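J.: What follows is a protein structure lacking sequence information:
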Ligand code: AMP
């Protein structure tokens, strides 16, 4: 069974074609700068094999339909292609950012589902319209093929009311649906279930804290296989310190900035989403640059690292209190997989809670699932590479097999 995974953004489409028989990647690519004068399409066919080929074309990509057509042409190319015909694709899995309270699980897309995704546009005004574009194009190009929406928010729909409500007037929840939703759900679910498998445990009785540290960062408390709390909230701004996003701030800072710094709502939104986090503290948002700067004696870079890892530790403590029993802690995504210093600092001083890193095991970049805790650690610590495309493909397969 071959499944095409599509992650459609406002000016880009990421795609991956997987053969679910052995979960191998047949092709992986990206269409960028859609709508600009010059678009770019990059595609690697048969990655990791001795027949791997990468093409890069610069051409006009006026819209998503053209972008997806160009991608399909590469997949079905007579000489190089990985499938003879698009009819070989059994299903298309779409990443959809916001499912609001309507979607608790991946869902086959029909008119009703499309309407519900559209209804949730106010909750994700930048992302859901682009995701909808991707779905429309795929429906047109792969008529009759099941299209499945895999929501970033769905895994977190098991979070109980005491954790998802903000203590603000209840009417704002009823009228505006303001509550905590959480994001990165596909990644948290994927590494939680991989970790349970690696430890020989049933997910249904497994408690784990999953820590996704990339350009966006979030942490999830998973109890008996279900998300019971997560650090991102109504939008992907709350919680941990991210590349350019502030994470938790006193909400009164907004009013202060408006009154005293003459900033309007748009400027405040931009400041907290694009000019804060690691970048706000030290001018750099890539952890590799921050380490280089620290080595050169840059104090602000040191501060940024300290602020981020302290916040991580604080949330780990909070989620330990939420869960009571913690079987494992998992690090994933760009920083979580590659940065031993961030992992070590995020867990510093937690030995009295039974959390002990193995320094040697930790001193590596994670290319495959790796146990990072020492044998005496009561809580196992893992580094597990996240794989959003595979996770979406598995979810898609699961849904169409059930249908
Ligand atoms: P992601 O959003 O998961 O793609 O993660 C991207 C982030 O991971 C980058 O902004 C970097 O901060 C971080 N990153 C990637 N590679 C490394 C590395 N080798 N060491 C430290 N951080 C890294």
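T.: Cool, got the structure. Since this is a predicted model, take the numbers as computed values, not measurements.
J.: which ones are touching the spatially closest residue to residue 371 that is not a sequence neighbour?
T.: Leaving aside its sequence neighbours, residue 371 sits nearest to residue 382 (C-beta to C-beta, 6 or more residues apart in numbering; 6.0 Å). Every residue, glycine included, has its C-beta placed from N, CA and C. Contacts for residue 382 were tallied using C-beta atoms under 8 Å, 6 or more residues apart in numbering; they are 195, 198, 328, 329, 330, 331, 369, 370, 371, 372, 373.
J.: Then residue 365?
T.: 337, 338, 340.
J.: Give me the phi and psi angles of it.
T.: Main-chain torsions, residue 365, degrees, to the nearest 10: phi -80, psi 140.
J.: Read off the pLDDT value for it.
T.: In the predicted model, residue 365 carries a pLDDT score of 92.
J.: That one and residue 134, how far apart?
T.: Noted for residue 365: a distance of 32 Å to residue 134, by C-beta to C-beta, to the nearest Å.
J.: Tell me the residues of this structure that contact the ligand?
T.: By C-beta under 6 Å from any ligand atom, the residues of the chain that approach the ligand are 214, 215, 243, 286, 287, 288, 333, 334, 335, 338, 339.
J.: Let me know the secondary structure of residue 3.
T.: When classified by DSSP: H, G, I helix; E, B strand; the rest coil, residue 3 comes out as strand.
J.: dump the residue contacts of it.
T.: Residues in contact with residue 3 (C-beta under 8 Å, 6+ apart) are 17, 18, 20, 89, 90, 91, 92, 93, 393, 396, 397.
J.: and the residue of the stretch 1-150 of the chain found nearest the ligand, what does it touch?
T.: Distance from the ligand to each residue of the stretch 1-150 of the chain (C-beta to the nearest ligand atom) is smallest for residue 14, at 11.8 Å. Neighbouring residues of residue 14 by C-beta under 8 Å, 6+ apart: 6, 7, 8, 29, 30, 389.
J.: Name the nearest residue to residue 228, ignoring sequence neighbours.
T.: Closest to residue 228 by C-beta to C-beta, 6+ apart is residue 221, at 5.2 Å.
J.: so the one you found makes contact with residue 227?
T.: Yes - counting by C-beta atoms under 8 Å, residue 221 does reach residue 227; the two are 7.3 Å apart.
J.: Could you check which of the two has the larger neighbour count?
T.: residue 221 (26 against 22; other C-beta atoms under 10 Å).
J.: Over to the more buried one. Which of the three states is it?
T.: strand.
J.: What of residue 229?
T.: With three-state DSSP as the criterion, residue 229 reads strand.
J.: so who does the residue of the stretch 51-200 of the chain found nearest the ligand touch?
T.: Residue of the stretch 51-200 of the chain nearest the ligand, by C-beta to the nearest ligand atom: residue 187 (8.8 Å). The contact partners of residue 187, taken as C-beta under 8 Å, 6+ apart, are 210, 212, 332, 333, 386, 388, 391.
J.: ok, so of the residues you listed, who is nearest residue 140?
T.: residue 388 (24.4 Å; C-beta to C-beta).
J.: That closest one and residue 183 touch, don't they?
T.: No - judged on C-beta under 8 Å, residue 388 makes no contact with residue 183 at a distance of 11.9 Å.
J.: Compare these two (neighbour count), which wins?
T.: residue 183 (28 against 19).
J.: hang on, the more buried one in a strand?
T.: No - applying three-state DSSP, one finds residue 183 to be coil, outside a strand.
J.: and the residue nearest to residue 371, helix, strand or coil?
T.: strand.
J.: what pairs with it across the strands?
T.: residue 330, residue 371 (DSSP bridges).
J.: Share the number of residues neighbouring the residue of the stretch 301-403 of the chain found nearest the ligand, please.
T.: Closest to the ligand within the stretch 301-403 of the chain is residue 334: 2.1 Å, counting by C-beta to the nearest ligand atom. For residue 334, the tally of surrounding residues (other C-beta under 10 Å) stands at 18.
J.: what's the closest non-adjacent residue to it?
T.: residue 214 (4.3 Å).
J.: still on that earlier bit, now what about the helix or strand harbouring the residue of the stretch 301-403 of the chain closest to the ligand, what contacts it?
T.: For residue 334, the host element (DSSP states H and E) is helix 333-338. If you take C-beta under 8 Å, 6+ apart as the criterion, helix 333-338 is touched by 187, 211-215, 217, 287, 331, 342-343, 365-366, 383, 385-386.
J.: quick revisit: beyond the helix or strand harbouring the residue of the stretch 51-200 of the chain closest to the ligand, next helix or strand please.
T.: Residue 187 belongs to helix 185-198 when assigned by DSSP H and E. Scanning forward in sequence from helix 185-198 by DSSP H and E, the next helix or strand is strand 208-213.
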